[in-house]
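In: sequence? don't have it. structure:
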């Protein structure tokens, strides 16, 4: 499709070509007559000789051959890495560096296959979110507290990597055994400064002791705690934890049930090591 300021339409191209091919006009004279360059006049004349009046139509600008085009197999590998590992374009390009793929090339492949951005999918299931509601942000210069449960990996690998039979044998030989590690996090909302401890349970006494040490550490950093936001876990609703807050005159607030995005800073802090992304 020609733009509105183009000197030649399809009819104008045909007239130009006829003047050169059929009437025998010189290229320079015909170009001056139709207000185009000599190169343009020569191109339309050659196309008229080759294809006739049908050659005056606009052709696709798509290249006839692409020697450096990424093959279908490599494209499927890119999409597979995105789905299975939830990696961004930079990490996928580094993983397939022997294919000499650029970051922008990987991004175009993901876009061509309809892969949504990593911020639009659920980290746990990989499913695309139907909607992205605006969360009610907790914006105070005070910490929020949360617990992240991670499974203990025995020496030699767990069942997800080596299979159930070998995983059970590794767990029996490992000193730590099975079970989980519980990561306690307290993140300052204003400075994003975090205090972290790892325990083997999530009981009320453990949570109360963690907060006592976290508050002392924040005080040593010059941070005065006025309120704490937690989820609705049993250890946070216990009398022991609330007594630890009440003794220092700290207000305790809870999130809405099943709404982890309210404590988004803590959730993001714990998910970064688990789901590294460069997207």
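Out: Nice, I can see it. The shown structure was predicted, so the numbers you read here are calculated from the model rather than taken from an experiment.

In: all helices in the stretch 151-279 of the chain, in order from the N-terminus.
Out: Taking DSSP state H, counting those that start in this stretch as the criterion, the stretch 151-279 of the chain contains helices spanning 159-162, 164-173, 204-220, 239-246, 264-271.

In: mean pLDDT lowest where, among these?
Out: Least confidently modelled of the helices of the stretch 151-279 of the chain is helix 159-162, at a mean of 61 by mean pLDDT.

In: any idea of the mean pLDDT for stretch 222-231?
Out: Per-residue pLDDT over stretch 222-231 has a mean of 87.

In: list the buried ones in that stretch?
Out: Of all the residues in stretch 222-231, those buried under the rule 16 or more other CB atoms under 10 Å are 223, 225, 227-231. No exception for glycine: its C-beta is placed from N, CA and C like everyone else's.

In: again with stretch 83-101
Out: In stretch 83-101, the ones that count as buried by 16+ other CB under 10 Å are 86-89, 91-93, 95-96, 101.

In: out of the helices of the stretch 151-279 of the chain, nearest to residue 183?
Out: Taking CB to CB, helix 264-271 is the member of the helices of the stretch 151-279 of the chain nearest to residue 183, at 6.6 Å.

In: show me what the closest one is packed up against.
Out: Helix 264-271 is packed against strand 143-151, strand 180-188, with contacts defined by 3 or more CB pairs under 8 Å, 6 or more residues apart in numbering; DSSP states H and E.

In: where does the stretch 1-150 of the chain dip in pLDDT?
Out: Confidence mapping of the stretch 1-150 of the chain against pLDDT under 70 gives the ranges 1-6, 130-150.

In: per-residue confidence at residue 151?
Out: For residue 151, the model assigns a pLDDT of 57.

In: what about residue 249, neighbour count?
Out: Other residues within reach of residue 249 by the criterion other CB atoms under 10 Å amount to 8.

In: check the one 5 residues further on too.
Out: For residue 254, the number of neighbouring residues by other CB under 10 Å comes to 14.

In: please name the nearest non-neighbouring residue to it.
Out: For residue 254, ignoring the flanking residues on the chain, the nearest one in space by CB to CB, 6 or more residues apart in numbering is residue 232 at 5.5 Å.

In: returning to what we had before: from the buried residues of stretch 83-101, which ones fall inside helices?
Out: Judged by DSSP state H, helices contain the following of these: 89, 91-93, 95.
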